[in-house]
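In: Please work out how this folds:
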Amino acid sequence: MTRARFSFTSTWQVAASADRVFDVLADVGAYPAWWPQVRAVARVDERTALVVCRSALPYELDLLLTRRREERGTGVLEAGLAGDLDGWSRWTLHPRGTGTTLLYEQEVGVRSRLARAARWARPVLEANHAWMMRGGRVGLQARTWSGQERSSAGR
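Out: Alright, predicted model coming up:
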């Protein structure tokens, strides 16, 4: 059976330094604290984590993320994906003044129960992904806002 393939790109602007953004993105275990659609993360080892995602549609994606690249100097964080999606995702960070521009790229094939639906429901699945990315952008901006950690540190 031929799997449906998807290519996604998103560009975000965040009012935080590239170093701060890099630190937050590199800490995959903390994603559920700021990205609402990332429901759970369980570390397998230093390079690998099991991740459960759910956006607007009533299904969860079970993913195994394996770190491929984590290069602060070039601003690149890349992971291989396996499970309900098979492929890769990559963040590339570019400092812009006091903020950061992020490029998110993802190339995946759909596996399991979504494979048949992906053929006829592509626009719905793409909208679902866009909703997830919007939640991530808003959460990342809140997480990297310099005052957040100071205000929560005293609690």
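In: From Gly99, how far off is Thr144?
Out: 9 Å (CB to CB, to the nearest Å). C-beta coordinates here come from the backbone N, C-alpha and C atoms, glycine included.
In: shared neighbours of these two, which are they?
Out: Counting by CB atoms under 8 Å, 6 or more residues apart in numbering, the residues touching both Thr144 and Gly99 are 14-16.
In: buried subset of these?
Out: In the shared contacts of Thr144 and Gly99, burial by neighbour count holds for 14, 16, counting by 16 or more other CB atoms under 10 Å.
In: Output the shared contacts of Thr144 and Gly99 in CSV, with pLDDT and distance to Ala130 appended to each entry.
Out: CSV is the format used below for these (pLDDT from 0 to 100; distance: CB to CB, whole Å):
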residue, pLDDT, distance to Ala130
Val14, 96, 18
Ala15, 95, 22
Ala16, 96, 22
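In: and which of the shared contacts of Thr144 and Gly99 is nearest to Gly80?
Out: Proximity of these to Gly80, judged by CB to CB, is greatest for Val14, which lies at 24.7 Å.
In: need the contact list for the closest one.
Out: 21, 99-102, 137, 140-141, 144.
In: List the beta-bridge partners for it.
Out: Applying DSSP bridges to Val14 gives these bridge partners: Thr100.
In: can you tell me the average pLDDT over the host helix or strand of Pro123?
Out: In the assignment (DSSP states H and E), Pro123 maps to helix 122-144. Averaging pLDDT along helix 122-144 gives 94.
In: Show me the helices in this structure, by range?
Out: 18-26, 31-34, 114-120, 122-144, 146-153 (DSSP state H).
In: Report all helices and strands that the longest one contacts.
Out: Put plainly, it is helix 122-144. Judged by 3 or more CB pairs under 8 Å, 6 or more residues apart in numbering; DSSP states H and E, the packing partners of helix 122-144 are strand 5-14, helix 18-26, helix 31-34, strand 99-110, helix 114-120.
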